[in-house]
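> build me a structure from this.
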Amino acid sequence: MSAFRPDRRGEKPLVIETVRIVDPARGLDEIGTIVVVEGKIAAAGAAVLGQGRPEGAEVVDGSGLLALPGLVDARVFIGEPGGEHRETIRSASRAAAAGGVTSILTMPDTDPVIDHVALAQFVMRTARETADINVFPAAALTKGLLGKEMTEIGLLCEAGVPAFTEGRRTIAHSGLLRRVMTYARDFDALVMHETQDGDLAGSGVVNEGLLASWLGLPGIPVEAEIIALERDLRLAALTGCRYHAAKLSVETSAEVLRAAKSRGLAVSAGVSINHLSLNENDIGEYRTFFRLSPPLRSENDRAAMVAALRDGTIDIIVSSHDPHDADGKRHPFAEAEDGAIGLETLLPAALRLHHSGEVPLMRLVEAMTSAPARLLKIDRGTLRPGAEADLVLLDLDAPFVYGKAEIRSKSKNTAFENARFQGRILRTVVSGRTVFRADGAGEDR
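Residues are numbered from 1 along each chain as shown. Next comes the predicted model:
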């Protein structure tokens, strides 16, 4: 007799048997069974074996496969509202589902800027109506992202906004940033901030150094990031706010952050998958899809980012998904828009670090599931019983080539075009619903 009750909502229960389950939130890495009933995880682990199946369940043989919590991506730019030609909430959600990403934090850099409650609620409502995944909007720290007047952080928190950021921008006025951090502290709001000194960065478009000279392009010194980060950490210590450096890219930044954490500061940081996988040499002959912000750095910096991720100095990995159409990228390198899409390649590119032995699988998965969920204080990123059934099923060793024809984003500006990956996503489930299958069958539309 089954130990599980049938699904009362009319949705078919799902059972994945003899699958390798990796759930960092529980420190779990074992062969077992996952049971999904009524959109929730009913059970997940080795202890479930032999307990029976819910009546009418779909049973999947997970032998040789890997099951992970659905990924949580804490830095995603979307065009909607105002730039729907680049990306809509719906198109981004479908790209995310194909990449095993089941929850995203959207940036407020839209038109209009997400800087008050009505606009945050618009994103939430549109996501409920059109998205296949969970969408959480971040709100701006300052009105219009102008760096002059802070937003109503308290009201936005009450509306369900989990984080506040200037998106691509950095607040230059230290006095204003101190006030923002102080106000955010009173609501236990997370301040996520880009660390780039605009005056030092100037008109730079690549990492300052020998390669920039060879290419004849203006460079951005590493100090533009380090000085901004050091200032922010000092202000975080002064105000006591929860502070998150959005994207680090250089070795000294990791050292600065490590020192701050050793002093007991409530600070964290992210790194984009681009800066873990690529370096400045990938720019090649002025390939604009590799024009990113911060710019791709040296190989030593890339290796330092991997080491900082491995030891926990850097807390999370983000895709930094930033769609641009051909009009934004089909320019000389110095005139092209910054950014690359990345929702579909976040997990496969990250798995390169596992296959190369650079980062243990448990730590890698933690940085894309339970760690960002914990940072944002959202109940996602785990397969513990009772949690929402957000999960991804993949063949860890299956090779594939990421071709342009497979890109689901409305924009095609990927830094991984025709890249060879190992780790093919077979199925993505959100709250018990299949939202992506590699064979295209059985997806909820």
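> surely residue 177 is within a strand?
No: assessed with DSSP: H, G, I helix; E, B strand; the rest coil, residue 177 is helix; it does not lie in a strand.
> isn't it up against residue 232?
Yes: with contacts counted by C-beta atoms under 8 Å, residue 177 reaches residue 232, the gap being 7.4 Å. Where you see a C-beta, it was placed from the backbone N, CA and C, and this is true even at glycine.
> what sits in contact with each of these two?
residue 193 (C-beta atoms under 8 Å, 6 or more residues apart in numbering).
> longest helix in the protein, by residue count?
helix 223-239 (DSSP state H).
> pull out the buried residues from that helix.
By neighbour count on 16 or more other C-beta atoms under 10 Å, the buried set for helix 223-239 is 224-233, 235-237, 239.
> could those residues go into CSV alongside pLDDT and distance to residue 106?
Compiled in CSV, these are given as follows (pLDDT from 0 to 100; distance: C-beta to C-beta, whole Å):
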residue, pLDDT, distance to residue 106
224, 98, 26
225, 98, 24
226, 98, 28
227, 98, 29
228, 98, 23
229, 98, 24
230, 98, 29
231, 98, 26
232, 98, 22
233, 98, 26
235, 98, 25
236, 98, 24
237, 98, 29
239, 98, 26
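> tell me the one of those residues nearest residue 404?
Using C-beta to C-beta, residue 225 is the member of those that sits closest to residue 404, with 31.6 Å.
> tell me the contacts of the closest one?
Per C-beta under 8 Å, 6+ apart, neighbours of residue 225: 195-197, 248-250, 253, 294.
> wait, which of those residues is closest to residue 431?
residue 248 (32.7 Å).
> contacting residues for the closest one?
So residue 248 contacts 195, 225, 229, 254, 257, 269-271, 275, 305, 308, 314 (C-beta under 8 Å, 6+ apart).
> keep only those of those that are in strands.
Among those, the ones falling in strands (DSSP state E) are 269-271.
> out of the residues you listed, the closest to residue 414 would be?
residue 271 (18.2 Å).
> so who does that closest one touch?
Counting by C-beta under 8 Å, 6+ apart, residue 271 has contacts 247-249, 305, 308-309, 314, 316-318.
> return the residues in contact with the residue most central in space within the chain.
Against the mean C-alpha coordinate of the chain, by C-alpha atoms, centre = their mean, the closest residue is residue 73 at 2.3 Å. Contacts here follow C-beta under 8 Å, 6+ apart; on that basis residue 73 touches 96, 101, 103-105, 318-319, 321, 343, 346, 368, 372.
> what separation is there between it and residue 354?
18 Å (C-beta to C-beta, to the nearest Å).
> would you confirm that residue 35 contacts residue 43?
Yes: if you go by C-beta under 8 Å, residue 35 and residue 43 touch, sitting 4.6 Å apart.
> which residues belonging to stretch 413-427 are considered buried?
413-417, 419, 421, 423, 425-427.
> so of the residues you listed, which ones are in strands?
Going by DSSP E, the strands hold 419, 421, 423, 425-427 from the buried residues of stretch 413-427.
> SS state for residue 68?
Under three-state DSSP, residue 68 falls in the strand class.
> any idea how many residues pack against it?
Per other C-beta atoms under 10 Å, the neighbour tally for residue 68 reads 26.
> swap in the one 3 residues further on?
Counted with other C-beta under 10 Å, residues neighbouring residue 71 total 31.
> ok, it - contacts?
Applying C-beta under 8 Å, 6+ apart, we find residue 71 in contact with 99-103, 346-347, 368-369, 381, 392.
> quick check: the gap between it and residue 217.
From residue 71 to residue 217 the distance is 34 Å (C-beta to C-beta).
> also residue 350?
29 Å.
> and residue 206, by the same measure?
As judged by C-beta to C-beta, residue 206 and residue 217 stand 5 Å apart.
> with neighbour count, secondary structure and distance to residue 62 as extra columns, can I get the contacts of residue 73 in a markdown table?
Output for those, formatted as a markdown table (neighbours: other C-beta atoms under 10 Å; DSSP: H, G, I helix; E, B strand; the rest coil; distance: C-beta to C-beta, whole Å):
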| residue | neighbour count | secondary structure | distance to residue 62 |
| --- | --- | --- | --- |
| 96 | 33 | helix | 22 |
| 101 | 32 | strand | 20 |
| 103 | 27 | strand | 23 |
| 104 | 30 | strand | 26 |
| 105 | 25 | strand | 29 |
| 318 | 25 | strand | 28 |
| 319 | 30 | coil | 26 |
| 321 | 32 | strand | 29 |
| 343 | 29 | coil | 24 |
| 346 | 25 | helix | 22 |
| 368 | 28 | coil | 20 |
| 372 | 28 | helix | 25 |
